[in-house]
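Novice: Provide a 3D model corresponding to the input given below.
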Amino acid sequence: MLVLALSFSFNVFSLPGLSSLPSASATIYLDFNGENINCAYWNGGTPFTCAPANMTDNQITEVFNRVAEDYRPFNINITTDESKFLAAPLSKRIRVVVTPTSGWFGGAGGVSFIGSFKWGDDTPAFVFSDRLGNSSKMVGECCSHESGHAVGLSHQSKYDGSCTLTSTYNDGAGTGETSWAPIMGNSYYRNMSGWNNGPTPYGCANKQDNLSIITTQNGFTYRLDDHSDDINNNPTNFSITSTNVSGIITTNSDKDAYKFTLLKNSVIHIDIKPFSVDANLQGANLDVKVRLYNSSNTLISTYDPINTMAAKIDTILNTGDYYMLVDGAGNSNIDNYGSLGSYTISSSAGTILPIRNVTLAGKVEKNKHSLAWKIDSDEPINLISLESSNDGARFNEVNTTRSLSTQFAYTPFQKTDLYYRLKVKSVLNQTLYSNTIKLKGIDEAGKAFRVSTFIQQEITVNAVEKYVYLISDINGVTIAKGSGQTGFNKVDMSRMPGGMYMLQLLSDNQKQTERIIKQ
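Specialist: Numbering: from 1, shown residues only. Here you go, the predicted model:
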């Protein structure tokens, strides 16, 4: 027979009263107040007293935010308000006591009974803040973990390729912002924690589907979907100049559809950021992916950066209607199963470009890549930069000029195909990129150094290895010397008068002399 767990608060201090979804009947109560515990299942049935958590209001708020985000997809209220807990049905609530009183239970950072959420006798779970160094991150992870046990989940473990258990608590993978670990493993040392469909300690083939268990065995399911999934069916309209939009990705098939309208050709900047406890996306659960469509429902681009959980759209669009589809993505450390949670959208005002259009064209001729461009602008151009890339994603500068030149030709070292784009900046410091083009690689081996021999302000040197250089005038007088690295280098000639100069380049394996003409 179960003995009713009796506990009451004795902390006289006022703690933050926070609730993530007050309308939900199912409730997880994070109890920082200190409690007298009388429960048949804890401490051998002997009553004992738990001291209040020795945490500041800011720390408590961070713990709440971390746990609330973990449970954001579900129709359940995470709260620090005891009255919300007491008003919830007995069979749909759990008290998680956060306390430094840990001596009665050995070893663990917290403890809970599997399935106790629906027992109906208020058997609490415990998180021992002293053993977690009073760390808001660790206490928050442990609160989610122990309440995860209460809603029916076992530990999730790690196995090697031979199906041998290597860790009872799966500690995840990766470093930095997109590092990941399962909530029911050891998520103390990874940024992104989430629900998982993975193995338990009972065998590598014994997978535990966290989301199905949580939403089918505890009297609550997912939150109601907050946005349409279809850009053709009632997408949420927002103004690109005054955005105040948020959403929640509740399932790994959920998508949120949005529509915005541009009345003029514009530069747009849109940030889609997952909820987090600070500006560095700490505690985010949702790795954002965004797809941008035009009015014909044609996909313009997908924004799913590798090293960050946020997504950013910086592009130029013409007048018309556009659509966005937001959902959760996987990354190099995990798939999209548990990439769930809330996000916000912010955007800058659509700025009319003084630079109306930049068009880049190119061709391969005489072992050179020849690039030519056209710029339509209402304002003077301050800087023109030609950029190249091996993969069409990561670009490096090839040549920069402040003149009104409209072409550039050189022999690249790479024998692979190359992508090119032009970056143009006006005197008003507004920037526009051209279209991207692709040119075939040049097979013939060439010189060790590729040098821009007709220049305006600077010499560009593309080198296969480190080198030193010497520049002399037409009379043989040395006017400059220095060194360069592998790749693209620049030598400032802005203070030199127009005329002819000699550039000598010397590496460990090569020596090369070039005639430079400054216009």
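
Novice: per-residue pLDDT, residue 397?
Specialist: With respect to pLDDT, residue 397 has a value of 85.

Novice: cool, and residue 2?
Specialist: So, for residue 2, pLDDT stands at 30.

Novice: ditto for residue 366
Specialist: 79.

Novice: what about it, neighbour count?
Specialist: 8 (other CB atoms under 10 Å). Yep, even glycine has a C-beta here, placed from its N, CA and C like the rest.

Novice: could I get the contacting residues of the spatially most central residue of the chain?
Specialist: Per CA atoms, centre = their mean, the C-alpha nearest to the average position across the chain is that of residue 309, at 1.5 Å. Applying CB atoms under 8 Å, 6 or more residues apart in numbering, we find residue 309 in contact with 177, 178, 192, 274, 281, 284, 286, 287, 288, 331.

Novice: so the fourth one bridges to which residues?
Specialist: In this case it means residue 274. The partner list for residue 274 in beta bridges (DSSP bridges) reads residue 343.

Novice: and if you look at the third one?
Specialist: Applying DSSP bridges to residue 192 yields these beta-bridge partners: residue 180.

Novice: how far away is it from residue 272?
Specialist: The gap separating residue 192 from residue 272 is 16 Å, by CB to CB, to the nearest Å.

Novice: okay, the two: which has more neighbours?
Specialist: Between residue 192 and residue 272, counted using other CB under 10 Å, residue 192 has the larger neighbour count: 28 against 24.

Novice: please list all residues in contact with that one.
Specialist: Residues in contact with residue 192, defined by CB under 8 Å, 6+ apart, are 177, 178, 179, 180, 181, 284, 285, 287, 309, 333, 334.

Novice: could you dump those residues to JSON lines with pLDDT, secondary structure and distance to residue 116?
Specialist: Listed next are the contacts of residue 192 as JSON lines, based on pLDDT from 0 to 100; DSSP: H, G, I helix; E, B strand; the rest coil; distance: CB to CB, whole Å:
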{"residue": "177", "pLDDT": "93", "secondary structure": "coil", "distance to residue 116": "34"}
{"residue": "178", "pLDDT": "94", "secondary structure": "coil", "distance to residue 116": "33"}
{"residue": "179", "pLDDT": "95", "secondary structure": "coil", "distance to residue 116": "31"}
{"residue": "180", "pLDDT": "96", "secondary structure": "strand", "distance to residue 116": "27"}
{"residue": "181", "pLDDT": "97", "secondary structure": "strand", "distance to residue 116": "24"}
{"residue": "284", "pLDDT": "95", "secondary structure": "coil", "distance to residue 116": "29"}
{"residue": "285", "pLDDT": "96", "secondary structure": "coil", "distance to residue 116": "24"}
{"residue": "287", "pLDDT": "97", "secondary structure": "coil", "distance to residue 116": "31"}
{"residue": "309", "pLDDT": "96", "secondary structure": "coil", "distance to residue 116": "32"}
{"residue": "333", "pLDDT": "93", "secondary structure": "coil", "distance to residue 116": "31"}
{"residue": "334", "pLDDT": "93", "secondary structure": "strand", "distance to residue 116": "28"}
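
Novice: need those residues in TSV with distance to residue 123, can you?
Specialist: As requested, the contacts of residue 192 are exported to TSV (distance: CB to CB, whole Å):
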residue	distance to residue 123
177	37
178	37
179	34
180	31
181	27
284	32
285	28
287	35
309	36
333	35
334	32
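
Novice: please save the CA atoms from stretch 318-332 in CSV.
Specialist: Provided in CSV are the C-alpha atoms of stretch 318-332 (Å, rounded to 0.1, in the frame of the first residue of the first chain):
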residue,chain,number,x,y,z
ASN,A,318,12.6,41.9,-55.8
THR,A,319,9.1,43.2,-55.3
GLY,A,320,6.6,40.5,-54.5
ASP,A,321,5.3,37.9,-52.1
TYR,A,322,7.7,35.4,-50.4
TYR,A,323,7.3,32.4,-48.1
MET,A,324,9.4,30.9,-45.3
LEU,A,325,9.1,27.3,-43.9
VAL,A,326,10.8,26.9,-40.5
ASP,A,327,11.5,23.5,-39.0
GLY,A,328,14.0,21.6,-36.9
ALA,A,329,17.2,20.2,-38.5
GLY,A,330,19.8,17.6,-37.5
ASN,A,331,23.5,18.4,-37.5
SER,A,332,26.8,16.5,-37.6
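
Novice: renumber starting at 47 from here on
Specialist: Yep, numbering from 47; the last one is stretch 364-378 now.

Novice: list the buried ones in it?
Specialist: 368, 369, 370, 371, 372, 373, 374, 375, 376, 377 (16 or more other CB atoms under 10 Å).

Novice: next one: the residue lying closest to the last one once chain neighbours are set aside from residue 241, what distance?
Specialist: Sequence neighbours aside, residue 224 is the residue nearest to residue 377 in space, at 4.7 Å (criterion: CB to CB, 6 or more residues apart in numbering). When CB to CB is the yardstick, residue 224 and residue 241 sit 17 Å from each other.

Novice: again with residue 477
Specialist: Distance from residue 477 to residue 241, by CB to CB: 41 Å.

Novice: of the two, who's got more company?
Specialist: A direct count of neighbours by other CB under 10 Å for residue 477 and residue 241 places residue 241 higher, at 29 against 16.

Novice: the domain parsing of this structure - what is it?
Specialist: As assigned by automatic domain parsing, the chain contains the domains 47-270, 282-393, 399-492, 493-565.

Novice: now those domains in JSON lines, with distance to residue 276?
Specialist: JSON lines is the format used below for these (distance: least, CB to CB, whole Å):
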{"stretch": "domain 47-270", "distance to residue 276": "16"}
{"stretch": "domain 282-393", "distance to residue 276": "6"}
{"stretch": "domain 399-492", "distance to residue 276": "29"}
{"stretch": "domain 493-565", "distance to residue 276": "46"}
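
Novice: ok, of those domains, where does mean pLDDT dip lowest?
Specialist: domain 399-492 (a mean of 83).
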